[in-house]
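In: What follows is a predicted structure for the sequence shown.
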Amino acid sequence: MGTYTLKSIGKNDYMTVVRELEDGYVVRIVRDEDGYDDVTTDYISKSLFDSCVRTGYITKVAEPEKIAVNQ
């Protein structure tokens, strides 16, 4: 499991893997929407997740506690 930044223009969006399933992951996505956090929980397949990592759309964060969250 881990926390990943999402490739977006000028935003501090990130995704945390909440749970691993047999064929994918349950993820919590936090997006900065005009100064407030839009939080969603969703499912992503392992093949799509691996493709996003490989292409650089998501990047693992070494120290998730250092992610700045708008409050």
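Out: Yes, it's here.

In: Against residue 60, how distant is the residue located most distally from the centre of the chain?
Out: The outermost residue of the chain relative to its centre, with distances by C-alpha atoms, centre = their mean, is residue 22 at 19.1 Å. According to C-beta to C-beta, to the nearest Å, residue 22 stands 22 Å off from residue 60. The C-beta positions use only the backbone N, C-alpha and C, and glycine is treated the same way.

In: what do you get for residue 30?
Out: For residue 30 relative to residue 60 (C-beta to C-beta), the value is 16 Å.

In: More neighbours: which of the two?
Out: Taking neighbours as other C-beta atoms under 10 Å, residue 30 and residue 60 compare with residue 30 leading, 19 against 11.

In: you'd agree that one is up against residue 8?
Out: No: between residue 30 and residue 8 there is no contact under C-beta atoms under 8 Å: 11.5 Å.

In: Number of residues surrounding the closest residue to residue 56 other than its chain neighbours?
Out: The shortest distance from residue 56 to any non-neighbouring residue, by C-beta to C-beta, 6 or more residues apart in numbering, is to residue 7 (6.4 Å). Neighbour count for residue 7, taken as other C-beta under 10 Å: 13.

In: ditto for residue 16
Out: Residue 16 has 18 neighbours, counted by other C-beta under 10 Å.

In: Beta-bridge partners for the most centrally placed residue in the chain, please?
Out: The centroid of the chain falls nearest to residue 15 when counting by C-alpha atoms, centre = their mean (1.6 Å). Counting by DSSP bridges, residue 15 forms beta bridges with residue 4, residue 29.

In: Same check on residue 36?
Out: residue 33.

In: Could you measure from it over to residue 56?
Out: For residue 36 relative to residue 56 (C-beta to C-beta), the value is 27 Å.
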